[in-house]
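I'll drop the sequence and a predicted model, then ask my questions.
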Amino acid sequence: MIQKKSSIEKIVLIALSVIAIIFFMMPIYWLITTSLKFGRDAFLLPPQWLVFDATLKNFREVLSVDKTFMYIKNSLIITSGTTVLSLILGVPAGYALARSKSRLVGNSSYFFLLLQMIPPTAMLIPFYLIMRDLHLIGSYTSVILLDTIFDASFVVWMMRSYFADVPKEMEEAALVDGASQLSAFFKVAIPLSIPGIIASALYTIIYSWNDFLFALMLTSPKTKTIPLGILASFSSVEISWGKMAVMSIFAIIPAILISLFLNRYFVQGLTAGASKG
């Protein structure tokens, strides 16, 4: 009886898992099929989900435009800059908060959590005025700085939790052997916190790559990112659903690759950071 019940539970769990996978994969399937359809077939009723006239016309048209590669290049520059700057600022700050013996310093870590609760739109107008006065509107720097404010605060909060899980005894042993505090940080704490650093970096990459609001307000035509390239598919004359689907595929490729190749570190880092937070 128990084995029969257990088998039924497994079947139910498998069925629910399949339903969940289908549900979450439907938008991606829609993107792929729409990118391969002619404009007239994108919204036929009833919709053609499996059998339709496939074409690579949308891919050829998107790839033939120089702006497509410009959007991808700009997204790579902004994402890379934000990730590097967030880690440079956030990892040492998280370590300092985790190792500080001052209650005041320890409680200040909640300030970084508070930054995550502030709506991005609330900071957009004042930051826009600051960037305007500094003549940085339309540059990569303005978007990188604003993305870093939100991303670095998350990195600090997460790495504080992760460094708190690193045994202090290992660092103390390094100090006894003659290492400085800085050397113990780089040679002991950092290697033991690689999963947390990778998880923080992945969060920063995904957030920066998908950023739309900040890029919309702070970039120029020469520094627009790929989410704004998707917006360019809309015009006053028509909505090119096929081209929009192709641009969307380019936008989700990095997230998919990251999930496939670094999922183990991502889950491990998030789990450790959450459990110790």
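Okay, I see it. Source: prediction; values computed, not measured. Numbers count the residues shown, from 1 in each chain.

helices along the stretch 1-150 of the chain, start to end?
In the stretch 1-150 of the chain, the helices defined using DSSP state H, counting those that start in this stretch lie at 2-35, 57-63, 66-99, 103-107, 109-117, 120-133, 140-164.

what's the most buried one of these?
Per-stretch averages of neighbours, counted by mean count of other Cβ atoms under 10 Å, single out helix 140-164 among those, with a mean of 23. Bear in mind the C-beta positions are built from the backbone N, C-alpha and C, glycine included.

is the residue nearest in space to the middle of the chain in a helix, a strand, or coil?
Residue closest to the mean C-alpha point of the chain, counted by Cα atoms, centre = their mean, is Ile206 at 1.4 Å. Assigned by DSSP: H, G, I helix; E, B strand; the rest coil, the conformation of Ile206 is helix.

ok, it touching Ile252?
No - counting by Cβ atoms under 8 Å, Ile206 does not reach Ile252; the two are 10.3 Å apart.

list the contacts of the closest residue to the residue nearest to the centre of the chain other than its chain neighbours.
Nearest non-adjacent residue to Ile206, counting by Cβ to Cβ, 6 or more residues apart in numbering: Ala255, 5.6 Å away. Residues in contact with Ala255 (Cβ atoms under 8 Å, 6 or more residues apart in numbering) are Ile206, Trp209, Asn210.

okay, now the unreliable bits of the stretch 101-250 of the chain?
Along the stretch 101-250 of the chain, the model assigns pLDDT under 70 to residues 105-107, 235-238.

the residue nearest to Ile206 and Asn210, how far apart?
Per Cβ to Cβ, to the nearest Å, Ala255 is found 8 Å from Asn210.

again, but for Tyr29
From Tyr29 to Asn210 the distance is 20 Å (Cβ to Cβ).

before we move on, what about Gly242?
Taking Cβ to Cβ, one finds Gly242 at 22 Å from Asn210.

of those two, who's got more company?
For Gly242 versus Asn210, the count of surrounding residues by other Cβ atoms under 10 Å is larger for Gly242: 23 against 17.
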